[in-house]
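*Asks:* Structure for the following, please:
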Amino acid sequence: MRIVGGRLRGAPLWCPPGDRLRPTADRAREALFNILAPVVEGATFLDLFAGTGAVGYEAHSRGAARVVLVDTDVEALSKNALRLRIRTDGDAVSVIRGGFDAACRRLAGDRFDLIFADPPWKEGMERAILERAAPLLAEDGGLILESWVKVDPPREAEGLTVDDVRRYGDTKFTFYRRTG
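*Replies:* Numbers count the residues shown, from 1 in each chain. Okay, here's the model as predicted:
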């Protein structure tokens, strides 16, 4: 696993052994950021359920102005920040250790151009995630929900509607935009 594009391209990332984390595969991440290329530079980016931080650090590498990574366990996030020589206590990149609900409450006044959510697969959290994360989305922003290919996330929720769906192996990215 590595950063696939931007100024940190090729930098290796650490992932703990076992199946505790399921990082977004390099190929799927590369495809995702090819889609996001026109909007990621200068964007504010929220990575929910960040795990290793691969997606958030990729956004930083590709020029996002601000990246916030959220997870209950920050071991991999911290190790990868050290590997990449990224400070996670500044304006450019920050880490929030805690659960999804607590992080959404903490970020209540913030707005993000891009929100990426990769919750534990097969747990049926998609609607709740959309409803809690939607208020954090900037008016012209987009929310990307990663899921297992066999999961069908809601077509609409909390003022969001599906704009596009892409599949890469067993990974599905559902892209949401604000309605109205």
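*Asks:* Give me the below-cutoff pLDDT ranges for this structure.
*Replies:* For the chain, applying pLDDT under 70 flags the ranges 121-122, 180.
*Asks:* can you pull out the helices in it?
*Replies:* Using DSSP state H, the helices assigned to the chain run over residues 26-40, 54-61, 75-84, 100-106, 126-133.
*Asks:* what packs against the shortest one?
*Replies:* Applying 3 or more CB pairs under 8 Å, 6 or more residues apart in numbering; DSSP states H and E, we find helix 100-106 packed against helix 126-133. The way it works is simple: take the backbone N, C-alpha and C, and place the C-beta from them, glycine included.
*Asks:* which other residues reach the helix it packs on?
*Replies:* 46, 48, 100-101, 104, 115, 117, 119, 143, 145, 147, 151, 153-154, 157-158, 160, 176 (CB atoms under 8 Å, 6 or more residues apart in numbering).
*Asks:* Buried ones from those residues, can you make that a PyMOL selection?
*Replies:* Remark: buried members of those, expressed as a PyMOL selection using 16 or more other CB atoms under 10 Å:
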select buried, resi 46+48+100+104+115+117+119+143+145+147+151+153+154+157+158+160+176
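*Asks:* Strands - which of the contacts of helix 126-133 land there?
*Replies:* If you go by DSSP state E, the contacts of helix 126-133 have 46, 48, 115, 117, 143, 145, 147, 157, 160, 176 in strands.
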